[in-house]
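J.: Need coordinates for the below:
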Amino acid sequence: MPKPEITVIVPAYNAAGLILPCLQSIVAQTRKDWQAIVIDDGSTDGTAAEAASLCDPRITLVQQANAGVSSARNKGLEMAAGEHVMFLDGDDLLHPAALERLLAGLEKRPQAVAAFGTFRKILPSGAPYPGEKPLARHSYPDGDVLEPMLRGNFLANGGHVLIRTDVARRIGGFDGSIRLSEDWEFWCRLAAEGAFTFIGREPEVFSLRVRPGSSSGGLSVDWANHEPCLAAITGNDTIRARFDPATWQRITRAMRAASLWECGRVNFTMRRFAPANRMMLAALRLEPTPKRLVMFAAAMVQRSTGRALLSRLRFRDSDLVADAVA
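T.: Numbers count the residues shown, from 1 in each chain. The predicted structure follows:
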């Protein structure tokens, strides 16, 4: 088999019923010079069997004892043969033209370390996520994205990002000591290395499957789980050296506010209203942006009426009902 241009690394843990559509979305790519490395991270269901059922020589299955998503991604990065790499979660779906468009974006910007596009959210069944705004109304930074990335992770996950493999290796992959927001910490280190190129709003690069019982959601409700990532980013000398002291102080304040807000938002979606209110108000005290003020008001209306005005605030049990109807 000729050397692939792109390696798609697929970490998977108990993704039976979802891993096969994920891999089929890779097989369906208009760009054919890829390899996919599935890292089964100690699944106890039929994930490995389903992944092995696709008889495509470009797909490699690796099984390891459960060690977490960072370990799985790093194992795939170690094995990657492609000049470019993508980290696609085992329950998500690529648009057929995703790899072709992302690679074209990198080829147009030789100085860029990564290319990315938009994404859509879907329910576990694959039905569209309720209440999402059209892709044409989304906005993303382009070029030097370090400061915007520090102020808040604008990427859903690695499923809509193509990275130069040598750069991903040079910065050491993912930090396995961070249990939550390990991808944000990785994106910040990557953005410190060079530019990101945005390939456009439509079509989406991938569909993100929103699963109410995901491990990240469970970890996000506890503020203590946010602290290690913040400490890793603020303690990174390479990142810090990019800014003068006054700017860095403003950025670190914004980072803390963004993490507090996200912790509060997730608590709200789980109807944990007391900690949600506490975290959201703490974020507003640190950085009272117009968007947060609007979202806080919408959350208060939703709490009293039960009607979600914004998709980001939908109650997770409502997602289960919507998925059953779909």
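
J.: What pairs with whatever helix or strand Ile9 lives in, parallel or antiparallel?
T.: In this structure, Ile9 sits in strand 6-12 according to DSSP states H and E. Within its sheet, strand 6-12 is paired with strand 34-41 (parallel), strand 84-87 (parallel), according to DSSP bridges.

J.: residues in contact with it?
T.: Outside of strand 6-12, the residues within contact range by CB atoms under 8 Å, 6 or more residues apart in numbering are 19, 22-23, 26, 31, 33-41, 43, 47, 51, 69, 72-73, 76-77, 79-91, 99, 103, 162, 165. In this view, the C-beta of every residue, glycine as well, is placed from N, C-alpha and C.

J.: Repeat the analysis, applying 7 Å as the threshold.
T.: Strand 6-12 has contacts (CB atoms under 7 Å, 6 or more residues apart in numbering) with 19, 22, 26, 31, 33-41, 43, 47, 69, 72-73, 76-77, 80-82, 84-90, 99, 103, 165.

J.: and if you look at stretch 284-299?
T.: Applying CB under 7 Å, 6+ apart, the set of residues contacting stretch 284-299 from outside is Arg253, Ala254, Arg256, Ala257, Leu260, Trp261, Phe268, Met280, Ala283, Leu309, Leu310, Leu313.

J.: Glu132 - how many residues pack around it?
T.: By other CB atoms under 10 Å, 14 other residues sit near Glu132.

J.: Now it. Nearest residue, chain neighbours left out?
T.: In space, Glu132 comes closest to Ser311 once its chain neighbours are excluded; the distance is 5.3 Å by CB to CB, 6 or more residues apart in numbering.

J.: Could you pull up the contacting residues of that neighbour?
T.: Taking CB under 7 Å, 6+ apart as the contact definition, Ser311 lies against Tyr129, Pro130, Gly131, Glu132.

J.: Tell me, how many residues neighbour the closest residue to the first one other than its chain neighbours?
T.: Counting by CB to CB, 6+ apart, Lys121 is the residue found nearest to Tyr129 once chain neighbours are left out, at 3.7 Å. Here the count is done by other CB under 10 Å, and Lys121 has 17 residues near it.

J.: could you point out which element follows the strand or helix carrying Lys121?
T.: Under the criterion of DSSP H and E, Lys121 resides in strand 119-122. Heading C-terminal from strand 119-122, the first helix or strand you meet, by DSSP H and E, is helix 146-151.

J.: For that following helix, which outside residues touch it?
T.: By CB under 7 Å, 6+ apart, helix 146-151 touches Pro141, Phe154, Trp187, Cys188, Ala191, Ala192, Ile233, Arg242, Ile251, Ala254, Met255, Ala258.

J.: Which of the residues you listed has the largest number of neighbours?
T.: Top of the contacts of helix 146-151 by neighbour count (other CB under 10 Å): Trp187, with 26 neighbours.

J.: measure that one to Val113 for me?
T.: According to CB to CB, to the nearest Å, Trp187 and Val113 sit 11 Å apart.

J.: ok, now Leu150?
T.: 16 Å.

J.: Helix, strand, or coil at Ile233?
T.: Reducing the assignment to helix, strand or coil with DSSP: H, G, I helix; E, B strand; the rest coil, the entry for Ile233 is helix.

J.: So what's the residue count around the closest residue to Ile251 other than its chain neighbours?
T.: Counting by CB to CB, 6+ apart, Ile251 lies nearest to Leu150, which is 5.2 Å off, once chain neighbours are set aside. The burial count assigned to Leu150 is 24, neighbours taken as other CB under 10 Å.

J.: do the same with the one 10 residues further on
T.: A count of nearby residues for His160, using other CB under 10 Å, gives 26.

J.: who touches it in this structure?
T.: Counting by CB under 7 Å, 6+ apart, His160 makes contact with Phe116, Gly117, Thr118, Phe119, Val205, Phe206.

J.: Make CSV out of the residues you listed and add neighbour count.
T.: Formatted as CSV, the contacts of His160 follow (neighbours: other CB atoms under 10 Å):
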residue, neighbour count
Phe116, 26
Gly117, 25
Thr118, 20
Phe119, 21
Val205, 25
Phe206, 26
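
J.: wait, which of the residues you listed is closest to Arg58?
T.: Phe206 (18.5 Å; CB to CB).

J.: Show the contacting residues for that closest one.
T.: So, once contact is read as CB under 7 Å, 6+ apart, Phe206 ends up touching Asp92, Leu93, Leu94, His95, Ala98, Phe119, Gly159, His160.

J.: I am finished for the moment; much appreciated.
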